[in-house]
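S.K.: The sequence and its predicted three-dimensional model are supplied below.
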Amino acid sequence: MFAVVRHTYQLDIPDPKNVFSTKSSAKWVHLVWVFDNEMDALSFAISLLDDPLITANEWLLESAIHQLEENRFYQVGRESVAIAEVQESPVIVYEDELTEDIEDEQKSIH
């Protein structure tokens, strides 16, 4: 499985016609989409190359697509798109669980 990861700055402009509005806000968002195969992930990642700085110039768009194809990563400014191979999650043992397991084991021994 493959994942497409996007780090982007999301703007919220509730009143775009009011240039004096102070209600606008923005925040970083980190989004992930999972695909069964690499080709689907690559196709979707290419569709995320929607920054006006990229799409306005054919050479930049071709370069961005090439970087995604070759390096599985593209960044413009602080925004980025990456393609990653999904790995199995490790088992995480929290200290409380570990203590309970040890206490249970000690009870069963005695």
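M.R.: In hand now; what should we look at?
S.K.: all helices for this protein, in order.
M.R.: Secondary structure of the chain (DSSP state H): helices located at 38-47, 52-55, 58-71, 95-109.
S.K.: avg pLDDT for the second one?
M.R.: In this model, helix 52-55 carries a mean pLDDT of 74.
S.K.: Ok, stretch 79-87 next?
M.R.: 94.
S.K.: related to what we said a few turns ago, select from the helices of the chain the stretch with the lowest mean pLDDT.
M.R.: Ranked by mean pLDDT, the helices of the chain end with helix 95-109 in last place, scoring a mean of 62.
S.K.: which residues does V32 contact?
M.R.: By C-beta atoms under 8 Å, 6 or more residues apart in numbering, V32 lies in contact with 3-6. C-beta coordinates here come from the backbone N, C-alpha and C atoms, glycine included.
S.K.: could you redo the last one with a cut-off of 6 Å?
M.R.: Applying C-beta atoms under 6 Å, 6 or more residues apart in numbering, we find V32 in contact with 3, 5.
S.K.: Show me what it is bridged to.
M.R.: V5 (DSSP bridges).
S.K.: Relative to P52, how far out is it?
M.R.: Taking C-beta to C-beta, to the nearest Å as the measure, V32 falls 24 Å from P52.
S.K.: Kindly report the same for Q67.
M.R.: Applying C-beta to C-beta to Q67 and P52 gives a distance of 18 Å.
S.K.: Which one of the two is surrounded by more residues?
M.R.: Per other C-beta atoms under 10 Å, whichever of Q67 and P52 has more neighbours is Q67, with 15 against 7.
S.K.: So that one sits against Y74, correct?
M.R.: Yes: under the criterion of C-beta atoms under 6 Å, Q67 makes contact with Y74 at 4.7 Å.
S.K.: S80: neighbour count?
M.R.: Counted with other C-beta under 10 Å, residues neighbouring S80 total 15.
S.K.: shift numbering so it begins at 46
M.R.: With 46 as the first residue, the last one maps to S125.
S.K.: Skipping adjacent residues, who's closest to it in space?
M.R.: Nearest residue to S125, sequence neighbours excluded (C-beta to C-beta, 6 or more residues apart in numbering): H52, at 5.0 Å.
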